[in-house]
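Engineer: got a structure for you, letters missing:
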DNA sequence: TGACAATTCAAACGTGTGTTTGAAATATCT
DNA sequence: AGATATTTCAAACACACGTTTGAATTGTCA
């Protein structure tokens, strides 16, 4: 009657397939639009499997968030592959690149980024925890970089606004892809296109932040 | 059996109330999440009223888009209250202000902006027409301003990317309000807060664009 | 007033959703 | 092998949604 606790190993076959399938479907369609029927079909499982293994759709979603998060930090460690004493400019560029790839990579690695991106515009009950545990730390990390770039004359408010300016540019291409694709069909999203996008956002933002820093004096 | 054509006047009472109520509900919840039951309740009309007066939910939505668009251009004419020979910097600031107010104003005036903002992340069948008739012209208008700021050395691609950087910052606060409010509870959205936001986005973007223009040489 | 059209209304329909059920199948362990 | 627990399965449930229906009401005009 209750889900098994054996130790781990093979017994969790269906359970694992459900999480994988759900990750894909949730990342594609969002929590609300995703259907447990679609998930179970993709997992080659019965419709009742979700409720049997996870209780309900929302608990499965939380499990998917947990699971994809693990995968994501394995692939994209928070301290990106750069030295601790790297210049703030380099660290900003790395932050942006990492942010974009977390969302635009294909396959399981990008699921977590896509889910987080979704949560921002169509929140579920999980958002509060996500903000506290994942989003706020990242925001502070970004804020630190930006304060360094702005110099000592910057207010907390200015750093916060600049941080949102940076993040907004990254999220835009994911959130508004339907419009971007119609307006500019030439804009593609291959790995190298993302690289170019990161290049633009970084130089755009760097130029702006440095300039604002100068004005503060 | 067919909707009336009298001339206009009073007969369209329920019809008009439905459009008003629908504007509010659609702007709040989006096309899909809005229910005709909620709309009819707010319009003090029967559930069948939507189908009787408009055919179905989607036709009502199109009517709302048409109606709110009229209201919007009355309040925020595309040529904002500035002289034709105003500097590109001033025109960029005006573009941003206008964009933000169209979304963040309260009451009927902002419904169209909110609906457009929704269409970008959760498109309906209306998006193709909206892009062709409303969004693309605005994008070209913005692109012209930015090309002027970038100077003659700028590529079309660079102008396009800068345009998206500007727009993304404006949309962010609407799309991601759930996250922004949790991360920064001190960020409010009164008229003067929007003014401050416009000020930041404009100076951030201006600084960036001017700097990129210099580098082109 | 009377006949006809337009509109409103409560009720129901059909569909898609997440979830539950109880039996059947499978695995596990003594 | 037999007993027990775990997992699967088809079917159905309960609910919300957009929509339809047909009768009742209201308005219009000769």
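Structural biologist: Received it, and whenever you're ready, just let me know what you need. Quantities reported herein were computed from a predicted structural model and do not represent experimental measurements.
Engineer: What segments of chain A are helices?
Structural biologist: Here chain A has its helices, by DSSP state H, at A:13-33, A:36-42, A:49-54, A:57-75, A:88-104, A:111-121, A:127-130, A:136-150, A:156-175, A:177-183, A:191-216.
Engineer: Could you pull up phi and psi at the residue of chain A found nearest DNA strand C?
Structural biologist: Residue nearest to DNA strand C within chain A (C-beta to the nearest atom of the strand): residue A:56, separated by 2.9 Å. C-betas here are computed from N, CA, C, even on glycine. Backbone torsions of residue A:56, given as degrees, to the nearest 10, read phi -160, psi 180.
Engineer: and if you look at residue A:86?
Structural biologist: Phi and psi for residue A:86, reported as degrees, to the nearest 10, are phi -60, psi 150.
Engineer: Now do residue A:124: how many residues are near it, please.
Structural biologist: Neighbours of residue A:124 under the rule other C-beta atoms under 10 Å in any protein chain shown: 17.
Engineer: Return the distance of it relative to residue A:177.
Structural biologist: Applying C-beta to C-beta, to the nearest Å, the value for residue A:124 to residue A:177 is 21 Å.
Engineer: How about residue A:56: what's its closest non-neighbour residue?
Structural biologist: Leaving aside its chain neighbours, residue A:56 sits nearest to residue A:50 (7.4 Å; criterion: C-beta to C-beta, 6 or more residues apart in numbering or on different chains).
Engineer: If you could redo that for residue A:118, that was the one I meant.
Structural biologist: Spatial nearest neighbour of residue A:118, excluding adjacent residues (C-beta to C-beta, 6+ apart): residue A:30 at 4.9 Å.
Engineer: Same check on residue A:114?
Structural biologist: Closest residue to residue A:114 apart from its sequence neighbours, by C-beta to C-beta, 6+ apart: residue A:27 at 4.0 Å.
Engineer: which residues does the one you found contact?
Structural biologist: By C-beta atoms under 8 Å, 6 or more residues apart in numbering or on different chains, residue A:27 lies in contact with A:68, A:110, A:111, A:114, A:115, A:118.
Engineer: Show me what from chain A comes close to DNA strand C.
Structural biologist: Within chain A, the positions near DNA strand C by C-beta under 7 Å from any atom of the strand are A:6, A:11, A:34-37, A:47-48, A:50-51, A:55-58.
Engineer: Quick check: the farthest pair among the residues you listed?
Structural biologist: Greatest spacing in the residues of chain A next to DNA strand C, by C-beta to C-beta: A:6 and A:35 (30.1 Å).
Engineer: Please say which of the two ends up with more neighbours.
Structural biologist: Taking neighbours as other C-beta under 10 Å, residue A:6 and residue A:35 compare with residue A:35 leading, 13 against 8.
Engineer: Distance of the most centrally placed residue in chain A relative to residue B:76?
Structural biologist: Closest residue to the average C-alpha location of chain A: residue A:113 at 2.3 Å, with C-alpha atoms, centre = their mean. Per C-beta to C-beta, residue A:113 is found 35 Å from residue B:76.
Engineer: Neighbours of residue A:104, how many?
Structural biologist: 22.
Engineer: Without its sequence neighbours, what residue ends up closest to it?
Structural biologist: Excluding its sequence neighbours, the residue lying closest to residue A:104 (C-beta to C-beta, 6+ apart) is residue A:194, at 5.0 Å.
Engineer: That neighbour: what's it in contact with?
Structural biologist: By C-beta under 8 Å, 6+ apart, the contact list for residue A:194 reads A:100, A:101, A:104.
Engineer: again with residue A:61
Structural biologist: So residue A:61 contacts A:22, A:26, A:31, A:124, A:126 (C-beta under 8 Å, 6+ apart).
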